[in-house]
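Asker: With the input below, show me the fold.
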Amino acid sequence: MLMGRPASFARLRSLPVIGRAADWGLGARAVSKRTKRAAPRIAGLKATESVCPYCAVGCGQVVYTRNGQLVDIEGNPRSPINQGTLCPKGSASRQLVQQPGRLTKVLYRAPRSRDWEELELGRAMDMIAERVIAAREDGWQDVDHRGWRVNRTLGFAHLGGATLDNEENYLIKKSFTAMGAVQIENQARI
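Answerer: Next up is the predicted model:
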């Protein structure tokens, strides 16, 4: 008797013509040769659990790779936060890496210029560091208007975006606080 089938079904299967009709769509005959050769979509892929890089909700993702190359990203069903579901941005997070139109070089437009120029990443990082240091020095305050020691700068602020994860936000908060900034906010909180 087949598991989950009533005894009456087993008796029907024992009848010559009716039994053969009752077997249609069941058993080994129901599987095509192509289906027998098919493998799971993720067979041979390395699965790594991760967190969606967008908002601060922290939805779980499973990232599938083959030989270090990204193949697929999907919601993690083991995550207590999203239980395998993802919002449209999270579902499309693979495009952060593999979108053909993604910019891979730094574009810079000098003051009063109409044209963009490509910069090496090292040069662009140096320019940013020089400007942060200059803004920090220009806006530095040892004491406030009451004479209280504050050791801060109002020369720059930081506004984080929803694509930052908790770890990035933590490091940004620590870094900007260490530089003396007091105006640190995240777009997801606004």
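
Asker: By residue count, what's the longest helix in this protein?
Answerer: As assigned by DSSP state H, the longest helix anywhere in the chain is helix 121-138.

Asker: What lies in contact with it?
Answerer: Outside helix 121-138, the residues within contact range by C-beta atoms under 8 Å, 6 or more residues apart in numbering are 106, 108, 119, 153, 155-156, 179-180. Heads up, the C-betas are built off the backbone N, CA and C, glycines and all.

Asker: what does stretch 50-62 give?
Answerer: Taking C-beta under 8 Å, 6+ apart as the rule, stretch 50-62 contacts 47-49, 63, 73-76, 78-79, 81-82, 85-87, 89-90, 93, 96, 162-166, 169, 186, 188.

Asker: Next step: those residues restricted to strands.
Answerer: 47-49, 63, 73-75, 186 (DSSP state E).

Asker: Would you tell me which one of these comes nearest to residue 147?
Answerer: Proximity to residue 147 was ranked across the ones in strands among the contacts of stretch 50-62 by C-beta to C-beta; first place goes to residue 186, at 32.3 Å.

Asker: Quick check: chain neighbours aside, which residue is closest to the closest one?
Answerer: Using C-beta to C-beta, 6 or more residues apart in numbering and skipping the chain neighbours, the partner closest in space to residue 186 is residue 160 (4.0 Å).

Asker: With residue 74 instead?
Answerer: residue 62 (5.6 Å).

Asker: Kindly provide the distance from the one you found to residue 169.
Answerer: 23 Å (C-beta to C-beta, to the nearest Å).

Asker: Buried only: go through the contacts of stretch 50-62 for me.
Answerer: Applying 16 or more other C-beta atoms under 10 Å to the contacts of stretch 50-62, the neighbour count classes 63, 73-76, 79, 82, 86, 89-90, 93, 164, 169, 186 as buried.
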